[in-house]
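Q: Just to be clear, the model below is a prediction. Sequence and coordinates:
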Amino acid sequence: MTRYIVTLTEEQRQRALAGGRERMRYATRYSMKPEEDTARAGRDYDRHEADHMLGALGEVAYAVWQGLPWRWDSAVAKRGEKKLPDFCGDRDVKTIYAGGRYLLLQKRDPDDRIYILARGTIESCDVQFLGWCMGEEAKIPAHWREGERPCYWTDADDLHSMPTLPGIKLTEDSPIAASVPTYLAAGANCGSLDCGGCYSVGDGKMIHPPRAGWKQSDLKDRKP
């Protein structure tokens, strides 16, 4: 199966990690209740925070690849609330650590949502996209596993290939027949996801219009 790799800039990777840290703080305050969640109860803060950073990394990679906006708080939910989709009103990006191969879904995950499986590490700028499926395709009895983390486990080889994802944008210079096409960071000319628009004046200098797009500082002191 064709796999796709998105290579972020270091600035984009750092933005994803910062967003993951914000999500961890949000979860600690509003979402988590460890005594009711056996899957999280045995994890320390740093491990759980790393999970949030990895998840944000996959989302930023998809946003860069597809030219979509991304904010760390665009799809967060308080405990008991339904989580909104990450993108386009119908899809979530699920990111696993390098070496993994399973898409993990919970019983509460919507059946009618698209789930995209990505893989990477928070130390790397490369994120690999393995495939996608509908929630109802993954949440079948044969995929259910008990144990430390009871949920539905769907092997990457059982997913649909990325070129078949509804609405996906593939570039002409990276043909889908290639074994591992690489998509370089897209978006603003400066390569920053925090930039809403800029233009070059030569010699590597960029002009950024005032208030061009969302800035990380906009959410720095924001109370959810």
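A: Great, that's in hand. Keep in mind that this is a model prediction, so the values were computed, not measured.

Q: could you give the mean pLDDT of the longest helix along the chain?
A: With secondary structure taken from DSSP state H, the chain has its longest helix at helix 45-66. Mean pLDDT, helix 45-66: 92.

Q: Check stretch 159-175 too.
A: For stretch 159-175, mean pLDDT is 78.

Q: got the angle for the strand ranked longest in the chain vs helix 45-66?
A: In the chain, assigned by DSSP state E, the strand with the most residues is strand 126-134. Computed with axes from the mean of the first three to the mean of the last three C-alpha atoms, to 10 degrees, the direction of strand 126-134 lies at 80 degrees from that of helix 45-66.

Q: what's in contact with strand 126-134?
A: 1, 3-8, 57-58, 61-62, 65, 91, 95, 101, 103, 111-120, 154, 156, 158-162, 164-165 (C-beta atoms under 8 Å, 6 or more residues apart in numbering). Every residue, glycine included, has its C-beta placed from N, CA and C.

Q: how about it as CSV, C-alpha atoms only?
A: Taking Å, rounded to 0.1, in the frame of the first residue of the first chain, the C-alpha atoms of strand 126-134 are listed here in CSV:
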residue,chain,number,x,y,z
ASP,A,126,8.4,13.5,9.4
VAL,A,127,4.8,12.2,9.7
GLN,A,128,3.7,9.1,7.7
PHE,A,129,0.1,8.7,6.7
LEU,A,130,-0.9,5.0,6.5
GLY,A,131,-4.6,5.0,5.4
TRP,A,132,-8.1,5.7,6.5
CYS,A,133,-11.5,4.1,7.3
MET,A,134,-15.0,4.9,8.6
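
Q: Cool, thanks, talk later.
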